[in-house]
Each structure stands twice: as structure tokens, then as C-alpha cells.
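> Would you be able to build a 3D model of this:
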Amino acid sequence: MPITLPAELPALEDLLNENIFVMDNERAISQNIRPMQVGILNLMPNKIETETQILRLLSNTPLQINVDLIRIDETAPKNTPASHMKAFYHLFSEVKDKKYDGLIVTGAPLGNLEYKDVKYWSHMQELMDWAKRNVQSTFYLCWAAHAAMYHFFNVDKQLRDSKLSGVFNHSVLDEKNELMRGFDPEFWAPHSRVAQIRTQDYANVNQLDILAQSDDAGVYIAATTDKRMVFVTGHPEYDPTTLDQEYKRDKEAGLEPSIPENYYQDNKPDKKVLMRWKSHGNLLFTNWLNYYVYQTTPFDLNELIGD
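Residues are numbered from 1 along each chain as shown. Sure, this is the predicted structure:
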């Protein structure tokens, strides 16, 4: 089954051109099934690029999904036209009375800031508490994963000596967890962040399971035992060229970035990108939608009971 998108959303045409199964709203209303209701809180500056990356992963599933794109406030994003935001995004205040089967909260370039210094931190806290009551399972990515760990478990991040950028090898720690179903014992995934949470700090949270980690990048996937929250510290949604774009952007800004590790052939930026995380990125989102959302959510979302 496909994801359901507005007919005018730019991602729709891109995904159709990639032979990915999506449908517009008009066709979807003729389907006599109960689709999953999934929200995407997009905190990234380039909304269009990020929404396309995530929608691509959501589409690779037999479930029909209705997607709401959500923004946390009315602050104008730097790299997205205001017309796009007005046409396709809901303010959180407009959907807070709604319940969702799943919610995805993206990363944000805020790793250097203390949480209290993030201008929308109070809104973010409100949203995370709301999600615990009104969403069956929430998938926190990168900065959002760190933010949720801090908010719910008082586990703070530490700044790294240098930015972690590249594609790293990871090991599955709990092959019987449904989120890891079908994963190879070792797999690759991209990271791009300036902060980290120590493995022991994750392990000290009783209601949390560490599912995958890397010797170089630390904990990659953790989840609460009740499946209501998933924490992914990397970027399984990244396109092949995303790290390349970030590296060149930082270099042009005079930041002297390190070359992303295990990313370019022979570790040389003028050579091709080694794309080796696509299959496991798709599998991670598919497993989450199936086992953490579809298999656990009530048919009537009004019956959803939060903590």
C-alpha cells in the first residue's frame, strides 16, 4: 500500500519518478480500509529535502499511510519557501487535538546549544509530552533523539571534540527485538552530529533497550520496552549526496570540516560516494511501522491511552 500525499506536494512527483508507490488524496478516499495516521515534525532547515527523504522510506511498506507534515511554530525556515509551508504544513497547535498511530521527529542543527537556549524548547517539551499521550509510537531522529532522552530520562548529551560525520559500521545487540528483524548482524548507517550520549547513560535507563551500536559512533538505535519511543542517533533517511553537501557547505563556510569517514571511495572527496545504508534504512522504518505501530495501535485511535 502507498503513502497518501497532497497532489501538489513536490515530493509526490519525485517519488513517482523513482517508481515508488504513492497516491494522491483523491484516490486514497476511495480505499475502504483504515490507513495509518503518521505525523512528521520536520525541524530541519531544508524542509523539502528532508520530507522527501522520509517519505521515501515510509513508502516501502504494505500499509496505507496518511501523512501530516507538522511545524512547531510560525518561524520562517531559512531554506524553504513560505508558500510551501503555508500549503503543506500544519502548525502543532492545529493538530494537537488529533491522535496519531506514529510520529517522526527529525533532527535539527542545534547540537551545540543547551536545550534551554533552543528558542522553541518549551514548544518541543509540550510536543513530546503530547506525543506520549496521543501517539502510539514516536520515532526520534538525531538531535530529537538526544532531546527526548534529556526530556524524559534527564540524560544529557556531551559535545564531541570534533563533529562525527560519515558512514559507520554497527552491530545488532538484540536480534530478537522486532525493530531489528531482518537486519544483518553488522550494517552501515550515516551519522552527522556534534554531540553524543554515553552508552552507559542509555544502559542506566531501566525501561530502555539498546538495540544497535557502533564502536566509532556509539549507540545508534535504542527503544523503550513498551515500543512507544524509538531513539535513532544517526540519519538512515539521508540521500547518497547529503553528507557530501554538508561537507562542501561547511568547507565553503571556512569551518575546516573533516572528510566524512567511510563515505567517499578511497576517502577522497573527488571520488564517488559509497552508498551502503539504503537497505537497512528502509528496513528500519518498515519494521517500526509494522511492529511498533500497526501491530500495536488500536483500530479506533480514540482508544489510544497515554502514560
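> Show me where the stretch 201-307 of the chain has its strands.
Secondary structure of the stretch 201-307 of the chain by DSSP state E, counting those that start in this stretch: the strands cover 208-214, 218-224, 229-232.
> and of these, who's closest to Trp288?
Counting by C-beta to C-beta, Trp288 lies closest to strand 229-232 out of the strands of the stretch 201-307 of the chain; the figure is 6.1 Å. Using the backbone N, CA and C atoms, a C-beta is placed for each residue, glycine as well.
> on that earlier part again, quick one: closest of the strands of the stretch 201-307 of the chain to Gly107.
Per C-beta to C-beta, nearest to Gly107 of the strands of the stretch 201-307 of the chain: strand 229-232, 9.3 Å.
> Give me whichever of the strands of the stretch 201-307 of the chain is most buried.
Highest mean neighbour count of the strands of the stretch 201-307 of the chain: strand 229-232, a mean of 26 (counted as mean count of other C-beta atoms under 10 Å).
> Can you check which of the strands of the stretch 201-307 of the chain gets nearest to Asn169?
strand 208-214 (6.2 Å).
> just to revisit the earlier point, show me the one of the strands of the stretch 201-307 of the chain that comes nearest Ser83.
The minimum distance between Ser83 and these falls on strand 229-232, with 31.1 Å, by C-beta to C-beta.
> who touches that closest one?
132, 137-142, 145, 148-149, 152, 179, 208, 220-224, 284, 288, 292 (C-beta atoms under 8 Å, 6 or more residues apart in numbering).
> could the strands of the stretch 201-307 of the chain be laid out in TSV, adding distance to Leu304?
Formatted as TSV, the strands of the stretch 201-307 of the chain follow (distance: least, C-beta to C-beta, whole Å):
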stretch	distance to Leu304
strand 208-214	22
strand 218-224	16
strand 229-232	14
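> Which one of these lies nearest to His280?
Closest approach to His280 among these is made by strand 208-214 (9.5 Å; C-beta to C-beta).
> pLDDT on the closest one, on average?
Throughout strand 208-214, pLDDT has a mean value of 97.
> Now do it against strand 218-224, angle only.
Strand 208-214 and strand 218-224 are oriented at 150 degrees to each other (axes from the mean of the first three to the mean of the last three C-alpha atoms, to 10 degrees).
> Dump strand 208-214 to PDB, keeping only the CA atoms.
Output of strand 208-214 as PDB, limited to C-alpha atoms (Å, rounded to 0.1, in the frame of the first residue of the first chain):
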ATOM      1  CA  LEU A 208      15.200   1.300  27.600                       C
ATOM      2  CA  ASP A 209      16.800  -1.300  25.400                       C
ATOM      3  CA  ILE A 210      20.000  -0.600  23.300                       C
ATOM      4  CA  LEU A 211      19.400  -2.400  20.000                       C
ATOM      5  CA  ALA A 212      22.400  -1.400  17.800                       C
ATOM      6  CA  GLN A 213      25.600   0.400  18.300                       C
ATOM      7  CA  SER A 214      29.000   1.200  16.700                       C
END
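> Neighbouring strands of it in the sheet, and parallel or not?
Taking DSSP bridges as the criterion, strand 208-214 forms sheet pairs with strand 158-172 (antiparallel), strand 218-224 (antiparallel).
> Between the two ends of stretch 227-243, how far is it?
30 Å (C-alpha to C-alpha, to the nearest Å).
> same check, this time on stretch 69-87
Taking C-alpha to C-alpha as the criterion, the two ends of stretch 69-87 lie 10 Å apart.
> mean confidence score for that stretch?
Across stretch 69-87, pLDDT averages out at 90.
> which SS class is Ser93?
helix (DSSP: H, G, I helix; E, B strand; the rest coil).
> Compute the distance between it and Pro62, please.
Separation of Ser93 from Pro62 (C-beta to C-beta, to the nearest Å) stands at 33 Å.
> do the same with Glu114
Distance from Glu114 to Pro62, by C-beta to C-beta: 43 Å.
> Also Phe187?
Phe187 is 23 Å from Pro62, by C-beta to C-beta.
> Looking at the two, which is more packed in?
Phe187 (23 against 11; other C-beta atoms under 10 Å).
> May I ask you to confirm that that one belongs to a strand?
Yes: judged by three-state DSSP, Phe187 forms part of a strand.
> my guess is Asp14 meets Gln53, correct?
No: at 10.3 Å, Asp14 and Gln53 do not qualify as touching, with contact defined as C-beta atoms under 8 Å.
> Let's have the strands paired with strand 208-214 in CSV, adding distance to Ala253 and mean pLDDT.
Putting the strands paired with strand 208-214 into CSV (distance: least, C-beta to C-beta, whole Å; pLDDT from 0 to 100) gives the following:
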stretch, distance to Ala253, mean pLDDT
strand 158-172, 13, 96
strand 218-224, 26, 98
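> could you dump the ones you listed to a markdown table with distance to Trp121?
A markdown table is the format used below for these (distance: least, C-beta to C-beta, whole Å):
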| stretch | distance to Trp121 |
| --- | --- |
| strand 158-172 | 17 |
| strand 218-224 | 22 |
